[in-house]
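> The sequence and its predicted three-dimensional model are supplied below.
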Amino acid sequence: MEMFKEAILQPGPPENFALQTVQEFIKPQRQTKLAQDENQLLENMLRTLLQELVASAVQSGEEIMKYGQSIDDGENSQGQIPRLLDVVLYLCEREHVEGGMIFQLLEDLTEMSTMRNCKDVFGYIESKQDILGKQELFARGKLVMLRTCNQLLRRLSKANDVVFCGRILMFLAHFFPLSERSAVNIKGVFNTSNETKYEKDPPAGIAIDFNFYKTLWSLQECFCNPASLAIAPAKWQKFTSSLMVVLSTFEAQPLSEEEGDANNLEDEATAFNIKYLTSSKLMGLELKDPSFRRHVLVQCLILFDYLKAPGKNDKDGTSESMKEDIKSSEERVKNLLEITPPKGKDFLHKIEHILEREKNWVWWKRDGCPPFEKQPTVNKMIPDGSKKRRPRWRLGNKELSQLWKWADQNPNALTDPQRVRTPSITEYWKPLAEDMDPSAGIEEEYHHKNNRVYCWKGLRFAARQDLDLFSRFTDHGIEGVVPPELLPLDVRSKYQAKPNDRSKRAKKDDVKGASQQVEENQIATPASENDGEGGRADLEASVAAMDTDATTTGNLSQGGTPTPEDNQKLSPDTDGGQEAEAEAGQLEADTEVEAAVIDGETDAEVDL
Amino acid sequence: MCGDATSWDENAYRESILKERELQTLTVFRTAWPPSSNPTPDSIVAASSDGSVASYSISSCVAKLPLGFSSARAQPLEPDVFVQGHDGPAYDVKFYGDVGDDNVLLLSCGDDGRIRGWKWKEFTQQGNDVKPVLDLMNPQHKGPWGALSPIPETNAIAVDKKEGSIFSAAGDSCAYCWDVETCKIKMVFKGHSEYLHCIVARNTTNQIITGSEDGTARLWDCRSGKCIQIIGSEKGKKMRGFSSCVSCIALDASESWLACGNGRSLSVWNLPASECVSRAQTPAPIQDVMFNDNQILAVGAEPVLRRFDMNGAVLSQIPCAPQSSFSVCLHPSGVTAVGGYGGFVDIISQFGSHYCTFRCRSA
């Protein structure tokens, strides 16, 4: 063992000695690839070694990832454990040993380490993400990795280790493909145990409309289990009548902007509650709370979306009358959301957007969760060379590519005295001025003013070079723009504006000109900006696409639907939500990666 | 059974038809919450167009209520006590006395010019046979040769427990102040040129305010019987001929703010400054107003209960059962009763939801 340790921890790049050491100690049947029992043997040895190293690191009181780091090696030296890991990783990557081994070691290591050391270990994992994520390794180790991460998450405090939690979630999001279906609630099962309890008997001593109280909170039962509505028409009847009562109560008492603001401030200040309290004493206050209303209304929208989605088999699809009901209620709900301050319109817009995405995920699920990665289309070799391959232009076509390359090919193009410049307007208008001279006797038909391209170009030049001339276009048409000095005297007077009128206009034109310039500048800049944004938007889109599933899996399917609790997920940073999902993940062998990852992100998004 | 006419009772049929008609045209002119230490509203008294004064139990109504609101579903409710108080419509009911007082009186007035009072305790205990302990009749005016005018109706009453007075707004454009002990008129307030619609007592300053068909509201001093101030007189003149009567007035708890329903507009006055603070327009004429802290509840000739703030901005509009409402009445717990056309009484909870809705029985 000691020998093995010596051998495997020797300094230098692993390529030099790793395979050799393994061959030496295991004496495999085949040179480069270990058989199963040999793998097992090696794994056992490595695990024992790791355990030993950690134990001695702990005894020495050093941080385990730095244990054994010799001081004289300087900055790029590694601790013994990372070195061991590197070696194993190398072996796994080259497929000399079984690929799951590195994952096994990493799991062991995190389990043996304290939380502080785990940060270092995780840092190591993150740094090797590219290698670990390779197809061969990923396939062998994804479950172990998932388990490791979930264990870590479970050990971490959600309140205090937010950053580390975030790191783990980010890692999971990158490590697993977008279409990873382990977190997906494939069947769309509802978490019916998420019950909202409320008082069944009116409280003594205070006067409240207990009937209404029950009506409002009874809606939660339906939100919790939407599937039950679709099957039982009686239940649907009851639900709609209750909903109507609640909606008309909301409608009758719109909240003012101030009420919205007041509550908003409060929201920011106080801690976030997972679920609204259902005490009947709070009813009056809750009705005045815009965010409470929003929750109920958004729950409605989510429910309607679920009901509207085509059923798995046509038999249990919603009936026509039900569809009508849904349509009218949805209208009302949306109107209500719009008038609920603060920023009701924006809020509704966002919610609609999210729900739209949600639908995509529903479809994705229905289609059997196809992967999003598009395999590159294999270039089919055309058997005979009859079809000439068209040359590929970098910028779409030949002309554009040439334009692009122009500057490179002609470095002194700008300084070239021969280059084409914008003509001065006196030059440019000459042909038209000639036409306008009656002595030239040019027929109307051949008049330059009939050439629309010519006129338009001229106007552009005039606008840049002489605004005063340009402004005369409004009074005299295109011929007014022609510089008077080009015209014979008799013609000139015809197009001369009255002097006092002119001075006035000149002033105006100055202003106009200024604004025009500004506009031009503005047009120039966005072009570049747009590009950047376009890229960003795409990125966002891909991230957000992932997000939505959080709500699918989270709300509709696993989280047990739009109870207030789940709705809260739509607002920032929900501990409870994550928790719920983490648990669900546990149940379903493997898990919540996506849901959890996403969860964090949806939050951010929705909060906008 | 079919076609068997042997047991046909034409009279019974006729009666049932008439009854149905009556019920449809029955109008609740006023509702009042009896003073009670129970924080939950348990019963309500309604004065209707058939002259009845009846008390209804809210809890029994709520108990058998189906979930949800719809005027079509408003069930006729059997009154606990039903007293034929007046010949012709009963226009107003008021309670005289406070919580914990054994001698709380239930007062009502009506088209027959009477003000009747019952002991509330007896009213609830003895049921329909209860006898009035108070019976005041408006005086008739004497004309030449001893001709007597018809008895003027009493449109509204107000009470001042401390002074032991009942104020009545009568159809002869006078307001009367009655002494409860002696059943005599203490004071007559003359000055309006048209009949009176409404009256409120401003007990802290010993004043009353009346609203009249002539388009003005007047502030009277009860000691001298003189009119101190005419509110909204110029406006009344300008708008004469267009439902400008002051149909309802209300005082807030501090008795320094006055809400005045004037045709389709609701004006709020500050009495100490005698200035109109705000004026809000409504689509239909306002028929009753009420202060709720610093908000104003108003109902009118449309099936909506509106809540205004002091600046006249509409805070909420709650649809309610009566197509046209004549009475809005607030319970200390925040529950509001709206009564009006069709005999409907709609009880609206402090949440703005419909606590219960019922139809009054006609005589």
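In hand now; what should we look at? Since the model is a prediction, treat every value here as computed from it, not as a measurement. Residues are numbered from 1 along each chain as shown, chains lettered A, B, ... in the order given.

> quick one: B:R202 from B:I157, how far?
15 Å (Cβ to Cβ, to the nearest Å). Where C-beta positions appear, they are placed from N, C-alpha and C, glycine not excepted.

> Of these two, which one has the most company?
Per other Cβ atoms under 10 Å in any protein chain shown, whichever of B:R202 and B:I157 has more neighbours is B:I157, with 27 against 19.

> Report the beta-bridge partner residues of that one.
Counting by DSSP bridges, B:I157 is bridged to B:S168.

> now do B:V188
Beta-bridge partners, per DSSP bridges, of B:V188: B:Y176.

> so who does it touch?
With contacts defined as Cβ atoms under 8 Å, 6 or more residues apart in numbering or on different chains, B:V188 is in contact with B:C174, B:A175, B:Y176, B:C177, B:G225.

> Tell me where the stretch 251-363 of chain B has strands.
B:257-262, B:265-270, B:275-281, B:286-292, B:295-300, B:302-309, B:314-319, B:325-330, B:336-340, B:344-348, B:354-359 (DSSP state E, counting those that start in this stretch).

> can I get these in TSV with mean pLDDT and distance to chain A?
Compiled in TSV, the strands of the stretch 251-363 of chain B are given as follows (pLDDT from 0 to 100; distance: least, Cβ to the nearest Cβ, whole Å):
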stretch	mean pLDDT	distance to chain A
strand B:257-262	91	20
strand B:265-270	90	18
strand B:275-281	89	15
strand B:286-292	93	13
strand B:295-300	94	12
strand B:302-309	92	8
strand B:314-319	90	4
strand B:325-330	94	12
strand B:336-340	93	11
strand B:344-348	90	8
strand B:354-359	86	5
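
> State the mean pLDDT of stretch A:159-173.
For stretch A:159-173, the mean pLDDT works out to 88.

> Now it - C-alpha only, CSV.
Only the C-alpha atoms of stretch A:159-173 are listed here, as CSV (Å, rounded to 0.1, in the frame of the first residue of the first chain):
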residue,chain,number,x,y,z
ALA,A,159,-29.9,30.4,4.5
ASN,A,160,-26.2,30.7,5.1
ASP,A,161,-24.5,28.9,2.2
VAL,A,162,-26.4,30.5,-0.5
VAL,A,163,-23.4,31.1,-2.7
PHE,A,164,-22.2,27.5,-2.4
CYS,A,165,-25.7,26.2,-3.1
GLY,A,166,-25.8,28.4,-6.1
ARG,A,167,-22.5,27.1,-7.3
ILE,A,168,-23.7,23.5,-7.0
LEU,A,169,-26.9,24.3,-8.9
MET,A,170,-25.0,26.1,-11.6
PHE,A,171,-22.7,23.1,-11.9
LEU,A,172,-25.7,20.8,-12.2
ALA,A,173,-27.3,23.0,-14.8
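
> Counting neighbours, show which residues of it come out buried.
Going by neighbour count (16 or more other Cβ atoms under 10 Å in any protein chain shown), the buried part of stretch A:159-173 is A:D161, A:F164, A:C165, A:R167, A:I168, A:L169, A:F171, A:L172, A:A173.

> Ok, stretch A:59-71 next?
Of the residues in stretch A:59-71, those buried (16+ other Cβ under 10 Å) are A:E63, A:I64, A:M65, A:K66, A:Y67, A:G68, A:Q69.

> Noted, bye for now.
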